[in-house]
Structures are given as C-alpha cells and as structure tokens.
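>>> give me coordinates for this.
(3 chains)
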Amino acid sequence: MLPTLGAYEVSLIVIVSVNVMLALSLNIITGLCGQVSLGHAAFFGIGAYASAVLGNLGVPFLVVLPLAGLVGCLLGLLVGLASLRVRADFLAITTMGVGFVFVGFVRKQNWLGAEMGLSNIPDHGLGDAGFVGVCLALVVAIALLSAYIKQSWLGFGFAAVADDEDTSRTLGIDAAAYKVTAFVIGTFLAGVAGATYAYFTRFLIPGAFGFGVSISILAMVIVGGVGSIWGVIVAAAALTLLPEFIRVVNDYKIFIYGVLLVLTMRLSPGGLAELVGRLPIFRRKAHQRSSGAQP
Amino acid sequence: MLYVELVLQGLVNGSMYAIVAVGLTLIYGLLRVLHVAHAGLFTLGAYITVLVTNATGSLVAGTLISMLVVGLVGMVVYRLLYEPLLAQPPYVALIASIGLFIAMGEGYRIVFGPYGSSFSSTWLTERISFGPFSMAAADLAMLLGAIALLIFLAILMGRTRLGMAWRATVTDPAMARSFGVDTIKVRYGIFFVASVFAAVAGSLVSVLNNLVEPTMGDVPSYKSLAIIVLGGLGNVGGTLLAALLLGVIEAFGTIYTGAYLDRDAIAFVFLIAVLMIRPQGLFGAR
Amino acid sequence: MTDTPTNVLTLEAISVRFGGIAALTSVDMTLNQGELLGLIGPNGAGKTTLLRTVIGVVRPTQGRVFLRGDDVTSLNVDMRARRGIALTHQIVKPFRSMTVLDNVVFAAGHAKTGSVMRALGTRSRSEETQRARGLLDLVGIDRYADAFPSALPLGALKRLEVARALATDPKILLLDEPLAGLNHIEAERLADTFLRLNAGGVTMVLIEHNLGQVARICPRVVVLDNGRKIGEGATRDTLSDPAVIAAYIGKEVTHA
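Have a look, this model is predicted:
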C-alpha cells in the first residue's frame, strides 16, 4: 500500500527529481568530459518550451518527453560544434552567452508568453502517482545511463579529453567528436528534464531558465564532485531540500550557495566524492583496484 | 541628432564597462583565472562611496576611501581565495569566484537591504550643454573619469616596474621569474590596482544613477567577461576598444533589435558571432 | 618525388616558423619500412619540432608530409595517430588523473576509442589491462602500475610515455629523448627493447643525446643543426663527419 502523497510531497519529489536529472545531465558534459558549461539552463528551457508547444499540438506527454530531449540536443549539437572553435577558457563564457541569448530571445517572443509567461500547458493525464512514477523512473534511468557511460570506453575517452585534450589526440582520440557527443547526450537529458518541469508547473517564465539557474546546477555538480554520479545525486537532492526543511535558511539560501561553493573549492575541490574518498575505508578500497571506474 | 546622442551614450556605458573589464583582463593575463568576484568589488566600491559621502558630505573623500578599502579587499581576496587554488584545474578558481560573487551580492542585500541607497545631494543630475548636445553632469564625470584612469593605466603599464613586470609575467611566467621578477608582489600589486579600478567604476555608476543596490554588479559581471574575451585575454588595449565598441553596439542594437532580443543578449550575440569568425576575439593574438 | 615501396614516411622541404624564429628550414627526410633512424643534433636544432610536424601538432609553414605515399599535411593529429603514428613527448604528458596502468590501458584500447559509437558500446577492459601490464613490464615500470604519475621519477615517466605509445600498436614510433633521466643500465636495457621492437617490424625514429646508444642501435642517422639538415647517412661515418663534429663542439654534449 503506497503512502498517500499530498500535493506538497509530490511537488518536493518532482522538483528534486528534476534537479537531479539536470545535475546528472550537466555532469556528463562538465564532470565526465571536463567541458565547463555555464549555460545549461538554456537546454533545460528549450526543452520546457518545446514541450509546451508540442503538448498544445496534441502530442501525448510520454511522447513529448523524448521529443523535448531531441530539441534540447539539437541546440546542444549547435553549441557543441561552436565550442570546438573556441579555446577551453573561452568555452565557459561562450556557454554563458548562449544562456543569455536564449533568455533574451524568449523574453521577446509573444508566442512563447514573453515576460508574462506561458501557461497553457496541458495536463499530462497520468495523475499524481503516475507522474511521480515517471519522474523517479527518469532519475533512475539517467543515473544508470551515466554510470554505464562512465564505465564504458566512451567514459574513458571523456576522462582523457578532460585530463589533456591535446595528448589524447596524439593517442588517436577524435577529441572533437567526444566533446560534441558529451554535449549531445547531456543536453538531450536536460531537454527531457525541461519537459518534466513544464508539465509539472504548467507555467513557464524566462526567468526560470536564467544564468542563476545554470550556476545552481553547476553548483550541484561541483559540490557533489565532478564526475561522481552518486555525489552529484546527493548534492542535487540536498541543495534542493535543505532550504525546504530549514525555513530560516530560505532567505539566506542563495548566500549559503555562494559560501558553499567557495568552501567546497577551497577545502575539497573534488566535492563530496573527494571528501568521502578520503575516509579510511574508501581509501583502502581504492588501493585494491586500479582499472575500472568507481561510480 | 539621434546618432550622435546614441554614440555618446554608448561611449559612456562603454567607458564604464572598460574600467571594470580592464581590471579583469589584468588579472586574467597574470593568473589565467576569471575573477568573476571583481564585479562584487565594483558594488562594494559603490556602497562605500555612497555611505562615506553621505556621512562626510564629501564625494572626493568617499571615492578615495572607497578606492583604498576595495584595493585592500582585492588583495585579501587574492590571498585567501586564488593563491591556494593556483595548482588546481582552472574551473576550481572559476567556481570559487562565482561563489564569492554570489555571496557578496547576497551579503549586500542582507546587510544594506534590497532597495539600495542614494546620495543625499544631487548636483550630478544637472545637464551640461555644449553646442547642440547636452549630457548629464554625471555622464560627463564618467567619461572624464574613465579617460583619467586610462591615462593612469597607460603610464602604469608602460613606465613603471609593476607594469613591465606584469607584461613579462603574462608573456612567460617562468622566464620572468628567472629575471628576478617577484611574482608575489606583482600579483598583490595587480589585484590592488584592478580592485581600485573596480571601486572607481562602481563609484562612477552610483553617481551616474544616484543609486547603489545589491544587484548592480550583475550586469558588469557577465558583460565584462564577454568584453575581455572580445578584447583578447590579457590584451589591455584590445579590452578597452572592445568595451567602447560594445557600449556603442548596445546603444544602437537596442533600437534596432529590441523587438526580438533584450539588451544583455545583444552583447552575447555579438560575442558569439565574433568568436565564430575569429576564435581569438577581436584583438586577440592567434 | 619517387616513392619506393619501402618508403613509409617522407618529409619534403619542411619549413617551420614560430613568430620571427625559423625552427626548421627546408628539411627533407625519408624513413624506410623497418628502419630504426636516429635523429640527432645539438640542443635547439629543431629535432622535436620535426617529430611534432610528423604527428601534426605543428603545422609546417612550407613543405609537405607524406605517409606511405599519401599527403597527410592537412590531416589532424588524431587522424594521423589512427593511421599508425605514435609519439612519445619530450616533456612528459601523462594523464595525471589516471593511474600509470590506466594510462597504458587507455592507449591500448585505441581500436575501441577510435569511434565514439564503438566506445559507447564496450565496457570490458580485461584484454587491454593484460596488454598494459605486459608493456609496463617490458619497459620496466610494472611496480608503479597502481601509482599516479605525480609519484613517479622522471625516468619512470619517460618509460611510461614509451609504454603508452607502444600500446597504440604503431606502425611508426617517434621517440623523443626516451633515455633521458635513465641511468646507464636502464638506458641500455630500454635501448635493447627498442632494438627488439624494431626487429619485430616497428619502424622508429629516435631523438637522443645519448650518442653512445645511438651509435649502438641506429644504423642510419639524420643530423640537424639550427633548423637545417647538415648530415645524413650511416651512423659511424656521419658521426665522424667534420661538419657534424663542428656542430656539436661549443654546444652542450651529453654522453651516457
């Protein structure tokens, strides 16, 4: 007998799920492949708006999900290809620019609701329990996908490109293809997260996909530990839930974000994963095996 | 004539961007770190200027004290935030800087309130006319202030030991060290100078708008990042030109493309377009 | 330019300029199948630049690079690497986030990482791990297998470069000062390994200051000085060439 879910619990689960999906998707681009993206919210947003448009054309929710992902990854493909042109230190700023251009564009589009927002997103028709089920299934699926990628030779290639792109080329790695692939996968998943978000809130404003959101997603990846899948999941959940459970924190939430980022980078740049990795039991385990990725 | 007024307005904004961006590019050239928190010092400069001016009645005192304090804060930020992270991959310093910037902005909101403060006296909104054009006194102050600062910068970079040391370190840090350049002193010196510039920019803007509020650093933060990329990272002259150019492009751009792009987006559309054609930026070296 | 069937690499009038400096001026070089060619010359002669031009990290200002008759001058580094060229770096570049073993395992998986789709589809590393251990053993650093590169002395890092390059099954192996940092015994042993590999069919170019070992294992050498080729031919003869000796005198010469 499943516990009955009130509206509050449902919204918590959905929002945490969406944030976890976003963090995992950015983790593939920035964590596994080392490409710092400061505009991830744009792909989240384009998926959300695309799902609203498709939904209004009568496409059922479960079909909208992958289609929104596709829209996200088309933009991601563009950005990925463009990123090949610029040097690594420019990439962060270029992706930041993409985020601003997206919001700046949507703000002026009346057919997308402009500043006032888009509110005619249809009902997903799955009921609360069904929707929550879909959210959790997506989270699990994306987590498993991330783990698989990390253990596969694709993940190995990502790690090499992240470590030293030029040297990886001398070993025959088509670094460009790997980087674009990371973008395509990560932005597809962000688009799916966007559709999920849209069908839950049923109201979209451009401000929900701005630079601040991009930074908070990045914060979840960094605090969790770049590349570490479980770390990113825990960080995303914690950073979403903490303000909810500690009401007094809510007003200082953003301030704490900032401080957390600073402290994490100063004390444990590898995030939670590094912190945990330093604990004695885990250090012994790491010693025992050499080849083979740890999720 | 509309065009001239637009250009003037663009130059005024551009010179504000320039003063902020120059500090940013000095630091990037030196450490290869994107000092996003620089914009937080911009805001701090503005707050100190307004508070001290309102307390003492003297704008000059306010500005000078602001410059000194912010300069020192900048050096502290280097020591506590960046120096320990120099050995880490570059994204670590970037994230830490973003975190500091966010915390600073929120800090101002928490301490000073979200609505901001103003100057008690208002001679600065008077308009000055020359010929058929007129400008607000504050705008003129901004332009003149910018010119003065940039002359100072040119002298600093060209004639002083710090300037030459900076240029040497940017070109080849190891070689600079072997020639006896004290990299530590150069770093503190550059952070001081850059932060002073940020404070001046913040003060000028607070004078321009007669307002200081917690989020005033947001726009300069990301725009100056775009500008230093356009100008060629570490290229001071290029950054200045890029800043002025951006100011003018925005002024015209909002008129012509305002229907489907907002102002911030214009800066980045310009940036992305330039980078696709010239990946090293407008004035960067290949 | 006639290409004989045994000609695997041809450099034609290669000139490279960095800013105002001419690193290489009109250098011609051919490499035959199965050769172990020595590339020698005083410091700053342009030897490393020449090898980097072969792999594509450096683009020549003038001249062309031919691989088995194909003009590869405009090909990317990774494309040339996938055609069978491997390079050990003079300034070592191990992947610092991976263990020594993983560095070589990764290189050994070159067949799988050559295409993104193929890479996505495979997880197994057992074959490559086995090969990697063998290679680490071959160059003598198997005791460092689970360590990270930051813990290794330079000599071991140099040998890691060699092991990693070998893991890609190269047809042409470019070695940039692989013996630097090794004591006499280690250098001799590694040089013997090169001889064995060469006998097994790997074509090699060897940059080395250790002229003793060069004389021992390279039948032919090419000599560069100040970006130009100043000598070429059978090793013993070339090393006694007055022009070559003059180039070395007055510059730093390192012996084993």
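>>> and the single nearest residue of chain C relative to chain B, what does it touch?
Proximity to chain B, evaluated over chain C using C-beta to the nearest C-beta, is greatest for C:Ser97 at 9.3 Å. C-beta coordinates here come from the backbone N, C-alpha and C atoms, glycine included. Going by C-beta atoms under 8 Å, 6 or more residues apart in numbering or on different chains, C:Ser97 touches A:159, A:162-163.
>>> looking at those residues, which has the most residues close by?
Counting neighbours by other C-beta atoms under 10 Å in any protein chain shown, A:Ala162 comes out on top of the contacts of C:Ser97 with 23 neighbours.
>>> contact partners for that residue?
A:Ala162 makes contacts with A:32-35, C:97, as judged by C-beta under 8 Å, 6+ apart.
>>> change it to 6 Å
Applying C-beta atoms under 6 Å, 6 or more residues apart in numbering or on different chains to A:Ala162 gives the contacts A:33-34.
>>> check which helix or strand it maps to.
A:Ala162 is part of helix A:153-163, with elements assigned from DSSP states H and E.
>>> now do the next helix or strand after that helix, average pLDDT.
Downstream of helix A:153-163, the first helix or strand assigned by DSSP H and E is helix A:165-170. Taken as a whole, helix A:165-170 has a mean pLDDT of 94.
>>> packing partners of helix A:165-170?
In terms of contacts (3 or more C-beta pairs under 6 Å, 6 or more residues apart in numbering or on different chains; DSSP states H and E), helix A:165-170 is packed against helix A:175-201, helix C:77-82.
>>> with distance to A:Leu77 and mean neighbour count added, can I get those helices in a markdown table?
Listed next are these as a markdown table, based on distance: least, C-beta to C-beta, whole Å; neighbours: other C-beta atoms under 10 Å in any protein chain shown:
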| stretch | distance to A:Leu77 | mean neighbour count |
| --- | --- | --- |
| helix A:175-201 | 5 | 26 |
| helix C:77-82 | 20 | 22 |
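>>> give me the buried positions along the lowest-mean-pLDDT helix or strand in chain C.
Using mean pLDDT, DSSP states H and E, the weakest-scoring helix or strand in chain C turns out to be helix C:242-248, at a mean of 84. Residues C:244, C:247-248 are the ones in helix C:242-248 that count as buried (16 or more other C-beta atoms under 10 Å in any protein chain shown).
>>> try stretch A:257-267
A:257-262, A:264-266.
>>> tell me which of the residues you listed fall in helices.
Among those, the residues falling in helices (DSSP state H) are A:257-262, A:264-266.
>>> could I get the contacting residues of the closest residue to B:Thr56 other than its chain neighbours?
In space, and not counting its chain neighbours, B:Thr56 is closest to B:Gly62: 6.9 Å by C-beta to C-beta, 6 or more residues apart in numbering or on different chains. Contacts for B:Gly62 (C-beta under 6 Å, 6+ apart) come out as B:49, B:52-53.
>>> as JSON lines, the helices and strands packed on helix A:165-170 with distance to A:Ile142 would be great.
JSON lines is the format used below for those (distance: least, C-beta to C-beta, whole Å):
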{"stretch": "helix A:175-201", "distance to A:Ile142": "6"}
{"stretch": "helix C:77-82", "distance to A:Ile142": "30"}
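>>> of those helices, which is nearest chain B?
Of all the helices and strands packed on helix A:165-170, helix A:175-201 comes closest under C-beta to the nearest C-beta, at 13.7 Å.
>>> is chain B contacted by the helix or strand following that closest one?
Remark: after helix A:175-201, the chain's next helix or strand is helix A:211-224, criterion DSSP H and E. Yes - counting by C-beta under 6 Å from any C-beta of the partner chain, chain B is contacted by helix A:211-224 at A:Ile222.
>>> and helix A:211-224, what does it pack against?
In terms of contacts (3+ C-beta pairs under 6 Å, 6+ apart), helix A:211-224 is packed against helix A:7-26, helix A:229-245, helix A:247-267, helix A:271-277.
>>> show the backbone phi and psi for C:Val8.
phi -100, psi -30 (degrees, to the nearest 10).
>>> now it, nearest residue through space, not along the chain?
C:Gln33 (5.1 Å).
>>> now swap in A:Val20 and tell me
A:Ala236 (4.5 Å).
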